[in-house]
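Undergrad: Model the structure of this input:
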Amino acid sequence: MTNSEPRAGDTIDSKRVAEVLQTETGGRAATGTAAKILFVVPLIWSLFQLWIASPLPYIVEFGVFNSTEARSIHLAFAAFLAFAAYPMIRGRNVDHVPVYDWILALAAAFAASYLYLFYDQLATRPGSPITQDLIIALGGLVLLLEATRRALGLPLTVVAGVFLIYALAGPYMPDVISHKGASLSKLSSHMWLGTEGVFGVALGVSTSFVFLFVLFGALLERAGAGNYFIQVAYAMLGHMRGGPAKAAVVSSGLSGVISGSSIANVVTTGTFTIPLMKRVGFPATKAGAVEVAASTNGQLTPPIMGAAAFLMVEYVGISYLEVIKHAILPALISYVALIYIVHLEACKLKMKGIERPNRPTLAQRMLNWVVILIGLSAITFIVYYGIGWLKVVLGEAAVWVLGPLLLFVYIGLVWYSTRFPELAKDDPESSMDTLPEVGPTVKTGLYFLLPVVVLVWCLTVERFSPQLSAFWATVFMIFIVITQQPLKAFFREKGNFLTETKTGFVDLTHSLVTGGRNMVGIGVATATAGIVVGTVTLTGIGLVMTQFVEFISGGNLLLMLVFTALISLILGMGLPTTANYIVVSTLMAPVIVTLGAQNGLLVPLIAVHLFVFYFGILADDTPPVGLAAYAAAAISGADPIRTGVQGFTYDIRTAILPFMFIFNTQLLLIGLTGWVDLLVTIASAVTAMLVFSAATQGYWFTKSYKWESALLLLITFTLFRPGYWWDMVYPATQDKPGTEVIEHIENVPAGESIVVQASGMSLSGDEVSTYLSLELPAAESPEARLASAGLELSRQDDAMVVDFVGYGSQAENAGVSFGWTIDAVQVENERPPKELMFIPALILLGLVAFGQLRRRTPEEASAYG
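TA: Sure, this is the predicted structure:
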């Protein structure tokens, strides 16, 4: 520990923490009439969002809003609160709202609701705005930028402003990025009066899905679930070396999964976890960095992913469950690796775990884990198959049986929780010498898992939309907030039932208000990010970015990915999660798709979007802007730049994952052939990540020599991408002449794909060559199968020429057009499985382990004992 770092036990800078918390929860702490307005408006907003998400408007045939109207009202609430809840100058007018802010708030709300208020009139003049429309649109854009500056700071405001300037000044830009430009009227109309810009897909997702999940998280936190998750993590992991830090990773992960912001996650869970890590010996910088890394990873973890999961549904065109399936393995192995990194740090610092009273033996601990696993498996089996059987037997009447059954289980779990003492919140200033007992701690809040069960059930079994699933889970969470304390008072025979019921409704009201206040930043962020999307559609800058990356990478595929990652990292600096994903996916995802295809790398679109999303999110802990690092440093008292640097070194494990799953899509559970393939993929990925963690930390069983770290990196690469070496011995494919494409199709089973190389003149007049994959349905002839895939060919001399390209087909999306030629067809070679490369990698890993085990000290041995 350096002298500049605060020692464990130093007091937290409460003023700095309060500033961070105030920024995340609403800016002003107003009093009087202003406080009442800032309480009522977000409450009405939450009620409005619950109304439009519910089936009630369609049942009573009243209050039905189409998507554009709902987006307009949604932004009106967010814009009003941005001006009313955040002062113009940080730190001034924090206890009252000046008159000019009320005027700006009303003006912003009017401009945002213009599409709703004048919906019918605007529909009669599409593309022909009147002067009134343009004034409102221009004023709305200016007010939106100011609202964004107040709620989120300068980064996103500057990004949006740069894109607006670019749209207007296209002819004056350097040749490489120039365009014909847009007039002020066209720009304002495009951005504000339609669904191409501000009121586009991003704001639609915020309106439909994100608000409900943020509200769900606010209800969970108010009910005490956040404290429950933290206490459970401490109880289960605190006895290990660096246990509190491992508990911080788990608790921050659980919170980050439902949080829409890594910064919000840092200031909520970090208030408890960072002081705790310092109290057991972690330096302030590393304590903050662990929290930053854990909170950042929460944004990459399904099912919420900082709302990006719902945006991916729209942008990639796959179901919500598919997004979750593809994102889950990289997120989980990244978390496992972070826990392991914490363990290695604890070993290097020679830490001890906190002794638990009546500590169980190793056999007892193993038995406990076996019982837990069997219990969870049994519960899963009963819930999935038992309720599934009831649905089959009872049909539509199942809801009238399952509803009371869920209510009975909830009441039973609340009764069971009263058999144990209430959980107390951790005191950051107290000494850390005892741990809560695992059993009683876990049992006090089992009913908090029921809303999550409802959410997952609605998504996976009922196949409801994410919006409707979140609505029912939120409704059940509302029921818990209202009833948990009255039920506990009844079962404990302590307290007044009516008083506790009243308290439940007060908690509900405050939760609704908190949900609305927490959505202000996300609401204006998604709207402002729509400016970036609108500029791309208006100017065609996406093609410019592709040409720019191709130029600086010199056509090298790996360099192209590196530069794309760096640009995504830069674009993501200072942006909240949702806006972050919108910007990087709009600008950089097409770059990988286009340049990858030209170099023979055909990557599923979900892999591309996850690649840019990962690097955009890593900007949260990357200096000099890393906002999550600044938030953690405010709590730990360490230097924010050093905290960010340390956090990024922990997150290097996350940074290598996107490169790995671009080349090995099995990590995204794509292309697996069965359970054995799935288990091998999971085992190899987890092992690779743990080995990589040891390599980057320079410590495994003992301190590593440099050559050992180099070997561990080589082993990591082999486990993640065994095909790289195997392709040198057994090439995966061979290219056959394009004239043989029809003969090859005869051997391709129905529903599978072929890969062909096509070349021709692009729309810009350049000669290009690209690879494309075509899924071939069943048909009566090879030519008919190819036509069903959107491509018709004819043979001319020694070439296969494109005669027709289907609208919206994969061929058209790849840029193929009439007159192009099919130069080659890719044929897979028969070869032994690439996983055989795991054998020499594991042998080499065993040799490195043997060398380290021979020279480790007895104290180091006890860390793994």
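
Undergrad: going forward, measure contacts and count neighbours with C-alpha atoms only.
TA: OK.

Undergrad: Excluding chain neighbours, what is closest to residue 826?
TA: Distances taken as CA to CA, 6 or more residues apart in numbering place residue 735 nearest to residue 826, at 4.6 Å, with adjacent residues excluded.

Undergrad: go on, residue 229?
TA: Nearest non-adjacent residue to residue 229 (CA to CA, 6+ apart): residue 251, at 5.8 Å.

Undergrad: What of residue 709?
TA: Residue 709 sits nearest to residue 695 (CA to CA, 6+ apart), 4.6 Å away.

Undergrad: One more: residue 231?
TA: Per CA to CA, 6+ apart, closest to residue 231 is residue 441, 7.0 Å.

Undergrad: That neighbour against residue 424, yeah?
TA: No - contact criterion CA atoms under 8 Å: residue 441 and residue 424 do not qualify, at 10.3 Å.

Undergrad: Which one's more surrounded, the two?
TA: residue 441 (23 against 10; other CA atoms under 10 Å).

Undergrad: Tell me the helices and strands packed up against the helix or strand encompassing that one.
TA: Assigned by DSSP states H and E, residue 441 belongs to helix 438-443. Applying 3 or more CA pairs under 8 Å, 6 or more residues apart in numbering; DSSP states H and E, we find helix 438-443 packed against helix 225-237.

Undergrad: pLDDT below threshold where in the stretch 401-550 of the chain?
TA: 425-433, 460, 542 (pLDDT under 70).

Undergrad: The helix or strand hosting residue 132: which residues count as buried?
TA: Element membership of residue 132 [criterion: DSSP H and E] is helix 131-152. Of all the residues in helix 131-152, those buried under the rule 16 or more other CA atoms under 10 Å are 133-134, 136-141, 143-152.

Undergrad: Please list the residues outside the strand or helix carrying residue 680 that contact it.
TA: Remark: residue 680 resides in helix 675-697, with elements defined by DSSP H and E. With contact meaning CA atoms under 8 Å, 6 or more residues apart in numbering, helix 675-697 is reached by 329, 333-334, 336-338, 340-341, 344-345, 653, 666-667, 669, 672, 700, 704, 708-710, 712-713, 715-717, 719-720.

Undergrad: Buried subset of these as a PyMOL selection?
TA: This is the PyMOL syntax for the buried subset of the contacts of helix 675-697, where burial follows 16+ other CA under 10 Å:
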select buried, resi 329+333+334+336+337+338+340+341+344+345+653+666+667+669+700+704+708+709+710+712+713+715+716+717+719+720
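
Undergrad: In helices, which of the contacts of helix 675-697 fall?
TA: 329, 333-334, 336-338, 340-341, 344-345, 653, 708-710, 712-713, 715-717, 719-720 (DSSP state H).

Undergrad: Check the burial of the residue nearest to residue 464 when sequence neighbours are not counted by counting its neighbours.
TA: Distance criterion CA to CA, 6+ apart; nearest residue to residue 464, sequence neighbours excluded, is residue 458 at 5.6 Å. Residues near residue 458, counting by other CA under 10 Å, number 20.

Undergrad: Over to residue 458. Which of the three states is it?
TA: At residue 458 the chain is in helix, as set by DSSP: H, G, I helix; E, B strand; the rest coil.

Undergrad: What of residue 755?
TA: Per three-state DSSP, residue 755 ends up strand.

Undergrad: which residues touch the nearest residue to it once chain neighbours are set aside?
TA: Closest residue to residue 755 apart from its sequence neighbours, by CA to CA, 6+ apart: residue 773 at 4.4 Å. When contacts are counted by CA under 8 Å, 6+ apart, residue 773 touches 602, 753-756, 810.
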